[in-house]
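Peer 1: just a sequence and a predicted model for now, questions to come.
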Amino acid sequence: MRVTRTIDATEDEIENAKQTAVSLIGQDMSKSAIDLFYTDNLEEIENGIRNLNEFSSKCWLLSSILLYTLIYNHNLYHQSGLDWFHYAKQARERLGIDNREITEQLGAARFFIKYHDALERNGFVIEGSQRKLSRAELALKLSGDINATIKHISHDTWQEFSTWYSSFKSKTKLIQNDRRREDVRSESGRFFIGDIEAVSFSDRLSEDDSARLREYMKQIFDAIRDGYEPAIVPVYDRKEAAIMPKLRDKFRKGK
């Protein structure tokens with residue numbers, strides 16, 4: 001798991017997003033959930049199960065915004081005494097969620113914080129939108145149309161939304177294939193352009209720094225091979241921030 005991108009959100013914008021999320025939930029399930037254990041009425045239990053499932057979906061958005069706050073807004077993970085790299089390795093133990101879930105929740109939080117006003121105006125409801133929000137950034141990237149993305153998130157089922165944004169993938173793939181570099185590859189921690197080993201690492205590096213840099217380089221070389229243009233993105237851990245410019249310079253020089 002890696003923190004790869006953030007958004008320029010002010011404290012007020014984040015607070016407004018939190019208030020919007022809470023208002024969209026708009027109910028206290030604690031008492032009604034307890035009451036369900038003491039009823040023999042089928043309809044009440046069925047409605048309760050449905051409402052609890054909806055409530056769980058709504059709480060997922062709150063959890064996503066809290067996760068964003070922990071990482072981006074206040075760097076609260078520093079209270080653990082760990083940098084982000086090592087905190088992330090303990091994510092399942094500390095947060096009870098795996099890497100993929102964290103990636104999806106952060107993506108949903110970024111999109112909601114940035115566009116919650118427009119989502120609310122379009123009649124967005126939280127229940128049933130978990131998967132749509134987790135793919136919202138991808139849908140926007142593929143379609144290039146924020147208004148259409150918000151409209152489809154607000155009104156489509158998951159299947160309709162997935163079909164809509166996936167329709168853009170074939171067009172993107174054609175562009176990418178034109179730029180694909182078959183001569184660029186990474187193998188067992190080594191990096192080649194053609195038959196030339198393009199990057200070397202000093203044996204004086206610590207084991208952690210070496211592993212980290214090799215993982216960064218693998219992502220860069222895999223991206224170039226697949227026709228993408230790699231980019232350096234902001235990071236919020238000082239140790240990582242110190243490494244990234246050196247990595248960029250090393251890659252540009254081909255050493």
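Peer 2: Nice, thanks for sending it over.
Peer 1: from now on I want contacts and neighbour counts done on CA atoms only, so please keep to that.
Peer 2: Will do.
Peer 1: can you pull out the low-pLDDT segments for the stretch 51-200 of the chain?
Peer 2: The model of the stretch 51-200 of the chain has pLDDT under 70 over residues 73-74, 170-178.
Peer 1: and for the one helix or strand residue 13 maps to, what are the contacting residues?
Peer 2: Here residue 13 sits within helix 11-25, counting by DSSP states H and E. Helix 11-25 has contacts (C-alpha atoms under 8 Å, 6 or more residues apart in numbering) with 55, 58, 59, 61, 62, 65, 112, 113, 114, 116, 125, 126.
Peer 1: what's the helix or strand hosting the fourth one packed up against?
Peer 2: Under the criterion of DSSP H and E, residue 61 resides in helix 42-68. Under the contact criterion of 3 or more C-alpha pairs under 8 Å, 6 or more residues apart in numbering; DSSP states H and E, helix 42-68 touches helix 11-25, helix 30-36, helix 99-121, helix 130-134.
Peer 1: now distance to residue 189 too, for the ones you listed, in JSON lines please.
Peer 2: Converted to JSON lines, those look like this (distance: least, C-alpha to C-alpha, whole Å):
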{"stretch": "helix 11-25", "distance to residue 189": "40"}
{"stretch": "helix 30-36", "distance to residue 189": "51"}
{"stretch": "helix 99-121", "distance to residue 189": "22"}
{"stretch": "helix 130-134", "distance to residue 189": "31"}
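Peer 1: so which of those helices is the most packed in?
Peer 2: Highest mean neighbour count of the helices and strands packed on helix 42-68: helix 130-134, a mean of 22 (counted as mean count of other C-alpha atoms under 10 Å).
Peer 1: got the buried residues for the next helix or strand after that helix?
Peer 2: Later in the chain than helix 130-134, the nearest helix or strand by DSSP H and E is helix 136-143. Judged by neighbour count (16 or more other C-alpha atoms under 10 Å), helix 136-143 contains these buried residues: 136, 137, 138, 139, 140, 142, 143.
Peer 1: quick revisit: among the helices and strands packed on helix 42-68, which comes closest to residue 230?
Peer 2: Closest approach to residue 230 among those (C-alpha to C-alpha): helix 99-121, 19.1 Å.
Peer 1: tell me the angle the closest one makes with helix 11-25.
Peer 2: With axes from the mean of the first three to the mean of the last three C-alpha atoms, to 10 degrees as the basis, helix 99-121 and helix 11-25 are set at 80 degrees to each other.
Peer 1: what residues sit buried inside stretch 185-195?
Peer 2: Residues 185, 186, 191, 192, 193 are the ones in stretch 185-195 that count as buried (16+ other C-alpha under 10 Å).
Peer 1: which residue, other than its chain neighbours, is closest to the first one?
Peer 2: Using C-alpha to C-alpha, 6 or more residues apart in numbering and skipping the chain neighbours, the partner closest in space to residue 185 is residue 192 (5.4 Å).
Peer 1: where does the one you found land in three-state SS?
Peer 2: Here residue 192 is recorded as strand under DSSP: H, G, I helix; E, B strand; the rest coil.
Peer 1: gap between it and residue 224?
Peer 2: Look at residue 192 and residue 224: by C-alpha to C-alpha, to the nearest Å, they are 12 Å apart.
Peer 1: what residues are shared contacts of the two?
Peer 2: When C-alpha under 8 Å, 6+ apart defines a contact, the residues bordering residue 192 and residue 224 alike are residue 184.
Peer 1: just how off-centre is the helix or strand where residue 218 lies within its chain?
Peer 2: Assigning secondary structure by DSSP H and E places residue 218 in helix 207-225. In this view, helix 207-225 has its centroid 19 Å away from the chain centroid, taken as C-alpha atoms, centre = their mean, to the nearest Å.
Peer 1: ok, stretch 136-154 next?
Peer 2: Centroid separation between stretch 136-154 and its chain, computed with C-alpha atoms, centre = their mean, is 15 Å.
Peer 1: what residues does it touch?
Peer 2: For stretch 136-154, contacts defined as C-alpha under 8 Å, 6+ apart pick out 107-108, 111, 118-119, 122-125, 129, 132-133, 161, 165-166, 168-169, 172.
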